[in-house]
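Asker: Okay, predicted coordinates and the sequence, questions at the end:
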Amino acid sequence: MGFTNWTPTQHLSLITLLCHEYEEAISFYGGLLNFTIHEDSEVDSNSEEGKRFIVLTPPKLTQMMPMVGLRIVRATTRRQQKAVGNQAGDAVFLFFEVDNFDECYGKMKSCGIKFLEDKPRDEKFGKAILFQDTYGNKIDLIDRPLNRTGSLYARDTSV
């Protein structure tokens, strides 16, 4: 079954990132990776005190492109806590494209980001290197040349 006669405009808007504590995730993604805090508000909830709705968006996000952000969720159940740092199993969780790979890689290295490879690898599209977030989720830093338009849709070959 599909949309044979009608196809709505579609895009991903939020990806859930499970964390132990909100501030850890905000510090890594908002601080080290320079994501913008798009929203951070208390949620009225009788079941969970201190629950917040937090959305972080990539730097330099413009109104011309659909918003894709990380929704930071504090893990509260045993199942969620077990998934923190293993959101994609052994696969890459996020692909982080940058328009100045060497500068970004250098800054990330000087900030103490943990890289999983000794040096960037050369791919058809440019350079790439795997790193981890605070929890151990794998993220691929990818060169996005300025002359290319659209998304890369890089292949996750780690699994």
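Answerer: Received it, and whenever you're ready, just let me know what you need. Numbers count the residues shown, from 1 in each chain.

Asker: rest of the way, CA atoms for contacts and neighbours
Answerer: Will do.

Asker: Residue ranges in the protein under the pLDDT threshold?
Answerer: Per-residue confidence of the chain (counting by pLDDT under 70) places the weak regions at 1-10, 45-47, 61-66, 145-159.

Asker: For it, which segments count as helices?
Answerer: Per DSSP state H, the chain carries helices over the ranges 22-25, 78-83, 101-110.

Asker: And the first one, what's buried?
Answerer: Neighbour counts using 16 or more other CA atoms under 10 Å place Tyr22, Ala25 of helix 22-25 among the buried residues.

Asker: What's the local residue count around the closest residue to Ile37 other than its chain neighbours?
Answerer: In space, not counting the residues next to it along the chain, Ile37 is nearest to Leu56; the distance is 4.6 Å by CA to CA, 6 or more residues apart in numbering. The tally of other residues near Leu56 (other CA atoms under 10 Å) stands at 23.

Asker: Would you mind measuring from Leu56 to Gly31?
Answerer: To Gly31, Leu56 is 11 Å away according to CA to CA, to the nearest Å.

Asker: do Lys60 as well
Answerer: Relative to Gly31, Lys60 is positioned 15 Å away (CA to CA).

Asker: Please identify which of these two sits among more neighbours.
Answerer: Legend: neighbour count by other CA under 10 Å for Lys60 and Gly31, higher for Gly31 (12 against 9).

Asker: residues in contact with the more buried one?
Answerer: The contact partners of Gly31, taken as CA atoms under 8 Å, 6 or more residues apart in numbering, number zero.
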